[in-house]
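Enquirer: would you be able to build a 3D model of this:
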Amino acid sequence: MRLVLAILKPSQVESVRQALASVDVTRMTICDGQGWAETGGLVQQAVIELAVNDDFLSRTTGAIEGVLAACGETLDGRLFTLPLASAVQLYHEVRGPEAI
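Expert: Numbers count the residues shown, from 1 in each chain. Coordinates of the predicted model:
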């Protein structure tokens, strides 16, 4: 299991969401954020958080990278993948990869 964090421009969120839906990744959290720009000020950013099983990792990161590369804008986004030790679906009491 992995936690995928994508930090990108708010204008790219819908394109990334559609690309993820096309590879059957639909459960995510989208948050507002702020990042420090090279110009020395804060800029508005979006953070997409996804928990995926290992067999979905490459298609998830590939979909995100594909959208960001196709934008043709200066890429200032970030993409992180972190190991996920456990997952629990509280309303069904399911644990592990099945909870994702």
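
Enquirer: so which bits of the longest strand anywhere in the chain are buried?
Expert: Ordering each strand of the chain by length in residues (DSSP state E) puts strand 42-52 first. For strand 42-52, burial by neighbour count (16 or more other Cβ atoms under 10 Å) applies to 45-48, 50-52. Yep, even glycine has a C-beta here, placed from its N, CA and C like the rest.

Enquirer: can you classify G62 by secondary structure?
Expert: helix (DSSP: H, G, I helix; E, B strand; the rest coil).

Enquirer: now swap in the one 3 residues further on and tell me
Expert: Assigned state for E65: helix (three-state reduction, three-state DSSP).

Enquirer: quick check: the nearest residue to it once chain neighbours are set aside vs I100, distance?
Expert: Of all residues not flanking E65 in the chain, L79 sits nearest, at 6.8 Å (Cβ to Cβ, 6 or more residues apart in numbering). L79 is 19 Å from I100, where distance means Cβ to Cβ, to the nearest Å.

Enquirer: also C31?
Expert: Taking Cβ to Cβ, one finds C31 at 19 Å from I100.

Enquirer: so which of the two has more stuff around it?
Expert: I100 (17 against 11; other Cβ atoms under 10 Å).

Enquirer: that one: what's it in contact with?
Expert: 1, 27, 51-53, 87 (Cβ atoms under 8 Å, 6 or more residues apart in numbering).

Enquirer: now the strands for this structure?
Expert: With DSSP E as the criterion, the chain has strands spanning 2-8, 29-36, 42-52, 78-83, 88-89, 94-95.
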